[in-house]
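Participant: just coords:
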């Protein structure tokens, strides 16, 4: 209940508004930046891109805390020097004793899989064996984007890139003008209610939407509900894209963190920011921020206020939040935020 109180108070009292900037509608302004919840202005930098130049990004963190309290992060490194859409060159594995100061312990390069490009990975632990699972996404065998999985490992330092296999692929057309999802990417995976739940970005009619899959073992996946239907609509401030970010168990339901963009924003393919929703059953989603995003970058560049690919988890009476956030020079970095759950 403390978490729900915090969530609703934050949504109602501190939700930023959209505005016009230089005649282009953008998801931030000087005024809206000051109204971002205070806990999302102060942060620790977890990882910067390998070059401090525009279009070089470190991002898409996926986080696990093991039984010894060690924090593990799988993230995606992006270059500015490859073809757009294929710029993710590495899944990097980081380790930390405190969740703040991280060191690189392993990496999987796109050439090692091999694959043309990489985007958001998903790192988690097997609910029974305690072994680690790692999923990735990209253009499988040079074709459509899909979700692939590496063999489970005793430690994240042991994932073998050569073991990658496709586990979620776009369905075959049922008839010539069938309007189904043609690609999947950016998995977020949680084990809850006795099963694995995978939320993915599906590419449908040139737009990105949210689709839900379920699995007993994390290997064989089946769609939940109608595979043609997104579990959130393209509407309001997220009428161009709506995508999954994170799911946080609250005891009486789940905080569903999503992200999206608006058609009228500058470059809505990359100007992606964050909203909140709630679900009791992990499939029926109630949007808590339908009119405006909750979180945007507190350090936007001239055109981009990106706050995306966030992973939220509860640890020692705090929300620990890791996100890919835009910087003034049009790089992205991974930031860590701490939100106390005592209302302070």
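Facilitator: Received it, and whenever you're ready, just let me know what you need. Just so we're clear, the structure is a prediction, and the values are computed from it rather than from any experiment.
Participant: Who is the nearest residue in space to residue 306 that is not next to it in sequence paired with across the strands?
Facilitator: Leaving out its chain neighbours, the residue that sits closest to residue 306 by CB to CB, 6 or more residues apart in numbering is residue 326, at 4.0 Å. Backbone N, C-alpha and C define where each C-beta goes, glycine included. For residue 326, the beta-bridge partners under DSSP bridges are residue 332.
Participant: Backbone dihedrals for residue 205, please?
Facilitator: phi 50, psi 50 (degrees, to the nearest 10).
Participant: Could I get the contacting residues of it?
Facilitator: Residue 205 makes contact with residue 179, according to CB atoms under 8 Å, 6 or more residues apart in numbering.
Participant: ok, it to residue 182 distance?
Facilitator: Applying CB to CB, to the nearest Å, the value for residue 205 to residue 182 is 9 Å.
Participant: quick revisit: could you verify my assumption that the residue nearest to residue 306 touches residue 300?
Facilitator: Yes: the pair residue 326 / residue 300 is scored as a contact, 5.8 Å apart, by CB atoms under 8 Å.
Participant: Can you pick out the residue with more neighbours from these two?
Facilitator: Under the neighbour definition other CB atoms under 10 Å, residue 326 and residue 300 were set side by side, and residue 326 has more, 28 against 24.
Participant: Now do the more buried one against residue 272, distance only.
Facilitator: 10 Å.
Participant: Which neighbours do the two have in common?
Facilitator: Shared contacts of residue 326 and residue 272, counting by CB under 8 Å, 6+ apart, come down to 306, 307.
Participant: from the chain's centre, how far out does stretch 55-72 sit?
Facilitator: With CA atoms, centre = their mean, to the nearest Å as the basis, stretch 55-72 stands 12 Å off its chain's centre.
Participant: Would you mark the buried spots in that stretch?
Facilitator: 55-65, 71-72 (16 or more other CB atoms under 10 Å).
Participant: Show me these that map onto strands.
Facilitator: Within those, membership in strands is found for 57, 58, 59, 60, 61, 62, 63, 64, 65, 71, 72, as judged by DSSP state E.
Participant: isn't there a helix covering residue 289?
Facilitator: No: assessed with DSSP: H, G, I helix; E, B strand; the rest coil, residue 289 is coil; it does not lie in a helix.
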